[in-house]
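the sequence isn't on hand, but the structure is:
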């Protein structure tokens, strides 16, 4: 039972990280030149995973994989928004 709750929490964290980071980069960081650099998604994903690690360590149901999935989803969201900005999609 707890495994299913942990899996659902991991999926929710991944979806939340992707959607929020993509929306933030597309709306707020559209005109920032640093977002157009190729290493920014990796940097954002790593920072998100490091920020989520202490929170995940305190929660009994979720594990380290949740922080990793959250960081990866933030990185993918930033990369997707970066690609949209480059191609000119609003």
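Good, I have the coordinates. Since the structure is predicted, the reported quantities are computational estimates derived from the model, not experimental observations.

biggest helix in this structure by residues?
helix 2-27 (DSSP state H).

Provide the contact partners of the next helix or strand after it at residue level.
Elements were assigned by DSSP states H and E; along the chain past helix 2-27, the next helix or strand is helix 40-58. With contact meaning Cβ atoms under 8 Å, 6 or more residues apart in numbering, helix 40-58 is reached by 13, 17, 21, 34, 62-64, 66-68, 70-76, 78-79, 82. C-beta: built from backbone N, CA, C; applies to glycine.

okay, now the unreliable bits of the chain?
90 (pLDDT under 70).

would you list the phi and psi of the residue nearest to the spatial centre of it?
Nearest to the mean C-alpha position of the chain, by Cα atoms, centre = their mean, lies residue 74 at 1.4 Å. When read as degrees, to the nearest 10, the backbone of residue 74 gives phi -70, psi -40.

isn't it right up against residue 23?
No. Under the criterion of Cβ atoms under 8 Å, residue 74 is not in contact with residue 23, lying 11.7 Å apart.

centroid-wise, who is the farthest residue in the chain?
Most peripheral residue of the chain (Cα atoms, centre = their mean): residue 1, 26.5 Å.

now do it against residue 8, distance only.
11 Å (Cβ to Cβ, to the nearest Å).

again with residue 40
Separation of residue 40 from residue 8 (Cβ to Cβ): 30 Å.

more crowded one of the two?
The neighbour count for residue 40 versus residue 8, taken as other Cβ atoms under 10 Å, is higher for residue 40 (18 against 12).

quick revisit: the longest helix of the chain packs against which elements?
Here helix 2-27 touches helix 40-58, helix 64-87, going by 3 or more Cβ pairs under 8 Å, 6 or more residues apart in numbering; DSSP states H and E.
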